[in-house]
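Asker: need a structure here:
(2 chains)
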Amino acid sequence: MNWQPSASLQVIRERARIYRQIRSFFNTRGCLEVETPVMASTTTTDVQIATIEVTGFEIPFYLQTSPEFAMKRLLAAGCGSIFQITHAFRQGEAGRLHHPEFSLLEWYRVGYDHHQLMDEMELLITTLCLRQCSFTRITYKDLFRQVMDLGVDEVTLEELRDHCAKSVPGTNAAEFDFDQCLDLLLGMVIAPTMQGYQFVYDYPLSQAALARVSEDDDSVAERFELFFDGIELANGFSELTDADEQRSRFEQDNAARAQKGLPQHAIDERLLAALESGLDDCAGVALGLDRLLMVLLELDSIDQVLTFTD
Amino acid sequence: MIGVFSIGTEMASYSTNEFRSGLKIMLDGDPCAIIENEFVKPGKGQAFNRVKIRNLKTGRVLDKTFKSGDSVDAADVVDTEMQYLYSDGEFWHFMDPQSYEQQAADANAVGDARQWLKAQDNCEVTLYNGSPIGVTPPNFVELEISDTDPGLKGDTAQGGTKPATLETGAVVKVPLFLEIGELVKVDTRSGEYMSRVKK
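Answerer: Here you go, the predicted structure:
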């Protein structure tokens, strides 16, 4: 009977160390630690995320794919800047870098935009690394231009599919839509070339998720991701605070779900009501703690940082 | 996990989240086996499964990328333990030791395995829609040397090897002291001589 943890004792102690440092970092910087439920009666409408349903209640409950909606309700209630270390759950995500249950650090800064939040992330990660780390920032568009000489604004769907077929043999790119092509190229062609800590920011509007549209360029949303050597560590936004715009994005998600034959999810009306009551401008980010540990300890697989994987 | 089988004559299918090494799927009309499966999702967007696949008919290995959530047809492929009987020159005949049912595999299906096939040895025969498409010999076989240069008496410790033709036609490198008529153990995966076998 194999009862031993899959993580080494060194990893288990390292996780404890970074959790202590994260808490001390935010406590000294005036950010309040909060806790929100991992199980709730509503869930994300995001087309790319499958939620794990919990049965046995009168109504279905869902394991939370992210604490975002609950934390935004706390922000609207006047909590000020907040952070949380919690578990999130995503069905079907399993592999070298994925586990259906994972740990994340999510925090929100009232009055920040996504660049100020990236600044704070650099500080946090440098603290956790115990050494000086260097960071680079590049826009999504510049990244595609730099690595693939591809203009995301100018390219047609047909050209994009050709790029996919050429760069990733054995791909049925003829079936892909625009964003699926971009996702394929980012994941299989661009990410393997990325080195060190790199922020990618200002994503195409079609990939805005819960980010607000940029005031300087209405073709992009103020969303960013942090990569280390091409491994995604974090995703953040200058948060969308407009309830009407948020509702219309949820509805678009559900329309896309219907088209793909995926289950549609009830819109989280309590989140929309909270936005309606007024949410100050803020920026928030979720940082995957399992992957951060992998990177800090130079490990290859997420299993090596999880105590048990079943 | 178990494949989603629909009732009736329709082919079973697998979703990408059931992909694992060893799974047999249909691709471009040919039965294939998954060798490696990697889940790739670089951010919030579309997830993909990057898989290494062996075409079981041609033996060729290729890379394929699926959108996660896509389904592919299952291939009706089973690996079954069978006893090798004989070859008539055109076909190699095998028998299921339980049912005594016989199968005839052509040269294409037998491939490189033919050089290791000795009557009565158990092999793994891969059946696709009930017909052989592949034969895997046992990892180790014991075969008689049918031809080799004369042995060097007493030379049991020195390195040195010479080619020897075995009873099935395979040619392997053996130590210099071995003679025609002796029995040797060979690893069929590497084609390497392992040891002399006492008769």
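Asker: and the closest residue to chain A within chain B, how many neighbours?
Answerer: Going by Cβ to the nearest Cβ, chain A is nearest to residue B:39 of chain B, at 3.1 Å. Using the backbone N, CA and C atoms, a C-beta is placed for each residue, glycine as well. Using other Cβ atoms under 10 Å in any protein chain shown, residue B:39 has 19 other residues around it.
Asker: Now do the same for it: helix, strand or coil?
Answerer: With DSSP: H, G, I helix; E, B strand; the rest coil as the basis, residue B:39 sits in strand.
Asker: For it, name its beta-bridge partners.
Answerer: Per DSSP bridges, the residues bridged to residue B:39 are residue B:49.
Asker: I figured it hits residue A:95, correct?
Answerer: Yes: Residue B:39 is within contact range of residue A:95, at 3.1 Å (criterion: Cβ atoms under 8 Å).
Asker: if we can go back for a sec, residues contacting the residue of chain B closest to chain A?
Answerer: By Cβ atoms under 8 Å, 6 or more residues apart in numbering or on different chains, the contact list for residue B:39 reads A:93-98, B:47-49, B:68.
Asker: swap in residue B:45?
Answerer: Contacts for residue B:45 (Cβ under 8 Å, 6+ apart) come out as A:48, A:179-180, A:182-183, A:186-187, A:207.
Asker: Likewise for residue A:168?
Answerer: Each residue near residue A:168 by Cβ under 8 Å, 6+ apart is listed here: A:184-185, A:188-189, B:65.
Asker: cool, residue A:94 as well?
Answerer: A:100, B:17, B:39.
Asker: quick one: the helices in the chain?
Answerer: No chain was given, so I picked chain A. Using DSSP state H, the helices of chain A run over A:9-28, A:68-76, A:114-129, A:140-148, A:157-167, A:178-185, A:243-259, A:269-277, A:289-297.
Asker: actually it's chain B I care about, not the one you picked
Answerer: Using DSSP H, helices in chain B cover B:107-110.
Asker: Can you give me the separation between the residue of it positioned farthest from its centre and residue B:113?
Answerer: Distance to the chain centre peaks in chain B at residue B:44, reaching 40.6 Å (criterion: Cα atoms, centre = their mean). Distance, residue B:44 to residue B:113, using Cβ to Cβ, to the nearest Å: 48 Å.
Asker: likewise residue A:2?
Answerer: According to Cβ to Cβ, residue A:2 stands 36 Å off from residue B:113.
Asker: For the stretch 201-310 of chain A, which residues are neighbours of chain B?
Answerer: With the criterion set to Cβ under 8 Å from any Cβ of the partner chain, the stretch 201-310 of chain A comes near chain B through A:207, A:209, A:225, A:227, A:230, A:232, A:235.
Asker: Let's have these in TSV, adding pLDDT and neighbour count.
Answerer: Putting those into TSV (pLDDT from 0 to 100; neighbours: other Cβ atoms under 10 Å in any protein chain shown) gives the following:
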residue	pLDDT	neighbour count
A:207	94	20
A:209	91	19
A:225	98	20
A:227	97	24
A:230	95	16
A:232	97	21
A:235	97	23
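Asker: quick one: which two of those residues are the most distant?
Answerer: Using Cβ to Cβ, the pair of those lying farthest apart is A:209 and A:230, separated by 20.3 Å.
Asker: Just grab the bridge partners of residue B:124 for me.
Answerer: For residue B:124, the beta-bridge partners are residue B:81, residue B:136 (DSSP bridges).
Asker: was I right about it contacting residue B:79?
Answerer: Yes: here residue B:124 reaches residue B:79: they are 5.2 Å apart, a contact under Cβ under 8 Å.
Asker: what is in contact with those two at once?
Answerer: Residues touching both residue B:124 and residue B:79 by Cβ under 8 Å, 6+ apart: residue B:136.
Asker: Spit out the contact partners of the residue nearest the centre of chain A.
Answerer: Centroid check for chain A by Cα atoms, centre = their mean gives residue A:235 as the closest residue, at 3.5 Å. Applying Cβ under 8 Å, 6+ apart to residue A:235 gives the contacts A:209, A:223-226, A:285-286, B:43-44.
Asker: Also residue A:65?
Answerer: Shown in contact with residue A:65 (Cβ under 8 Å, 6+ apart): A:43-44, A:46, A:49, A:51, A:88-90.
Asker: do you know how far the nearest residue to residue A:188 once chain neighbours are set aside is from residue A:267?
Answerer: Nearest residue to residue A:188, sequence neighbours excluded (Cβ to Cβ, 6 or more residues apart in numbering or on different chains): residue A:168, at 5.0 Å. Between residue A:168 and residue A:267 the distance is 35 Å, computed by Cβ to Cβ.
Asker: likewise residue A:224?
Answerer: 26 Å.
Asker: How many residues are close by the residue of chain A found nearest chain B?
Answerer: Of the residues in chain A, the one nearest chain B is residue A:95, at a distance of 3.1 Å by Cβ to the nearest Cβ. Residue A:95 has 17 neighbouring residues, counting by other Cβ under 10 Å.
Asker: looking at it, it is touching residue B:38, isn't it?
Answerer: Yes: using Cβ under 8 Å, residue A:95 is in contact with residue B:38, at 6.2 Å.
Asker: Surely residue B:12 touches residue B:74?
Answerer: Yes: under the criterion of Cβ under 8 Å, residue B:12 makes contact with residue B:74 at 4.1 Å.
Asker: hang on, the earlier thing: got the contacts of residue B:45 as JSON lines, with distance to residue B:147 columns?
Answerer: JSON lines is the format used below for those (distance: Cβ to Cβ, whole Å):
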{"residue": "A:48", "distance to residue B:147": "64"}
{"residue": "A:179", "distance to residue B:147": "65"}
{"residue": "A:180", "distance to residue B:147": "60"}
{"residue": "A:182", "distance to residue B:147": "63"}
{"residue": "A:183", "distance to residue B:147": "60"}
{"residue": "A:186", "distance to residue B:147": "60"}
{"residue": "A:187", "distance to residue B:147": "56"}
{"residue": "A:207", "distance to residue B:147": "69"}
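Asker: Briefly note if stretch A:150-162 comes near chain B.
Answerer: No: applying Cβ under 8 Å from any Cβ, one finds stretch A:150-162 separated from chain B by no less than 13.1 Å.
Asker: Excluding chain neighbours, give the residue nearest to residue A:189 in space.
Answerer: residue A:167 (4.8 Å).
Asker: Now do the same contact list for the one you found.
Answerer: Residue A:167 makes contact with A:148, A:185, A:188-189, according to Cβ under 8 Å, 6+ apart.
Asker: What of residue A:202?
Answerer: A:139-141, A:214, A:217, A:220-224.
Asker: circling back: so what's the residue nearest to residue A:188 scoring on pLDDT?
Answerer: pLDDT, residue A:168: 93.
Asker: Ok, the one 4 residues further on next?
Answerer: Residue A:172 carries a pLDDT score of 90 in this model.
Asker: likewise the one 3 residues further on?
Answerer: As predicted, residue A:175 sits at a pLDDT of 91.
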